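In: Take this sequence and fold it.
(one chain, ligands or ions: 2)
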Amino acid sequence: MSAAPILITGGAQRLGRHCAERLLHDGHPVIISYRRERPELDELRQRGVVTLMADFSSEAGVLDFLERLRQSTDSLRAIVHNASDWAPDSTGEDAGANFERLFRVHMLAPYLINLHARELLDACIEPQRDIVHITDFVAQKGSRKHAAYAATKAGLDNLTRSFAAMYAPDIQVNAIAPALIMLNEGDDEAYVAKAKSKSAMQLVPGPGVVYQTLRYLLDNRYITGATLPLDGGRNVV
Ligand SMILES: NC(=O)C1=CN([C@@H]2O[C@H](COP(=O)(O)OP(=O)(O)OC[C@H]3O[C@@H](n4cnc5c(N)ncnc54)[C@H](OP(=O)(O)O)[C@@H]3O)[C@@H](O)[C@H]2O)C=CC1
Ligand SMILES: Nc1nc2c(c(=O)[nH]1)N=C([C@H](O)[C@@H](O)CO)CN2
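Out: Ligands and ions are numbered 1, 2, ... in the order given. Model (predicted):
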């Protein structure tokens, strides 16, 4: 019997794609969700990745994704909630809509997927089943310019504890709280220097450190309800 797939939401690019490719290399079947179709998805499809469109900005979008997920697999080894919108706060009329959208992507979607996809995790016959929430260092610290993002990531971090209690001992539920991992287009030298100076390690590590942390969780039978910091020592600067 083939191994149960691992679902990574938002796996079309950057950290999620890196983890999808590393999981493939480690022999796991992979399902990713994506929001925007693009040519880069074809390579993943050619490597056997199941790609499911999903827009988590509405409950209907989450439920529609879940229906297609259930049609694409009868079990799951793990779910990695990676999809995220790093939107800055809005001071205009759309401030409320912005907050609600980030709430749906960062909290409602993981909540509903965890509830409705539990049966897929329970159907996995492998010895371990995992849910991993990708949060953010700012969930504990807050953010002047990304308050809605930080607050909804804090909510996702709290859901880690609730689902860990609800799903133990059959399913382990943990979080990874990164700080700067990789840059975005347009980040200039001044931004990079300032961002590096915020952590003791003073570097931009790249997505490999996220996969190392995810691998650690997937291979450890005795961790649940934990949030693993991955922030280069932001707390000691
Ligand atoms: N990059 C970094 O340095 C850091 C990242 N993190 C966290 O790590 C994770 C990965 O980061 P990164 O790779 O930079 O993330 P991205 O900003 O690249 O976003 C990941 C994916 O989320 C998807 N997404 C965004 N909004 C929605 C939505 N409404 N519905 C469905 N999917 C959506 C996008 O899909 P599409 O492209 O198809 O539209 C995108 O590919 C995130 O949770 C992020 O918050 C935390 C700290 C630092
Ligand atoms: N969904 C995303 N979340 C975050 C991103 C990103 O690109 N997409 N980037 C960051 C920054 O790297 C920040 O950590 C720099 O201080 C945070 N979250």
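In: any idea what the nearest residue to V236 once chain neighbours are set aside is structurally, helix, strand or coil?
Out: Leaving aside its sequence neighbours, V236 sits nearest to A200 (CB to CB, 6 or more residues apart in numbering; 4.9 Å). Every residue, glycine included, has its C-beta placed from N, CA and C. Following DSSP: H, G, I helix; E, B strand; the rest coil, A200 is assigned to coil.
In: now H106: how far from ligand 1?
Out: Relative to ligand 1, H106 is positioned 8 Å away (criterion: CB to the nearest ligand atom, to the nearest Å).
In: How about the contacts made by that residue?
Out: Counting by CB atoms under 8 Å, 6 or more residues apart in numbering, H106 touches 84-85, 149, 152-153, 155-156.
In: Could you do F99 as well?
Out: Residues near F99 by CB under 8 Å, 6+ apart: 148, 151-152.
In: let's see 10 Å
Out: By CB atoms under 10 Å, 6 or more residues apart in numbering, the residues touching F99 are 87, 89-90, 147-149, 151-152.
In: Check the gap between it and ligand 2 for me.
Out: For F99 relative to ligand 2 (CB to the nearest ligand atom), the value is 16 Å.
In: which one is the spatially most central residue of the chain nearest to, not counting chain neighbours?
Out: Centre of the chain computed as the mean C-alpha position; nearest residue by CA atoms, centre = their mean is N82, 1.7 Å away. Distances taken as CB to CB, 6+ apart place G16 nearest to N82, at 4.2 Å, with adjacent residues excluded.
In: Which strands and helices lie in contact with the helix or strand of the chain with the lowest mean pLDDT?
Out: For the chain, using mean pLDDT, DSSP states H and E, the weakest element among its helices and strands is helix 189-197, scoring a mean of 96. The helices and strands touching helix 189-197, judged by 3 or more CB pairs under 10 Å, 6 or more residues apart in numbering; DSSP states H and E, number zero.
In: Okay, buried residues for it please.
Out: A195 (16 or more other CB atoms under 10 Å).
In: got the residues of this protein near ligand 1?
Out: Listed as neighbours of ligand 1 in the chain under the rule CB under 6 Å from any ligand atom: 10, 12-16, 34-36, 54-57, 82-86, 105, 134, 136, 178-182.
In: what's near enough to touch I176?
Out: By CB under 10 Å, 6+ apart, the contact set of I176 is 15, 80, 82, 132-136, 160, 209-210, 213-214, 216-217, 226-230.
In: err, G96, not the other one
Out: Contacts for G96 were tallied using CB under 10 Å, 6+ apart; they are 90, 148.
In: State the distance from it to ligand 2.
Out: Distance, G96 to ligand 2, by CB to the nearest ligand atom: 20 Å.
In: touching ligand 2 at all, the longest strand seen in the chain?
Out: Ranked by residue count under DSSP state E, the longest strand found in the chain is strand 172-178. No. Using CB under 6 Å from any ligand atom, we find that strand 172-178 stays clear of ligand 2, coming within 6.8 Å at best.
In: Neighbouring strands of that strand in the sheet, and parallel or not?
Out: Strand 172-178 has the following strand partners under DSSP bridges: strand 130-134 (parallel), strand 227-230 (parallel).
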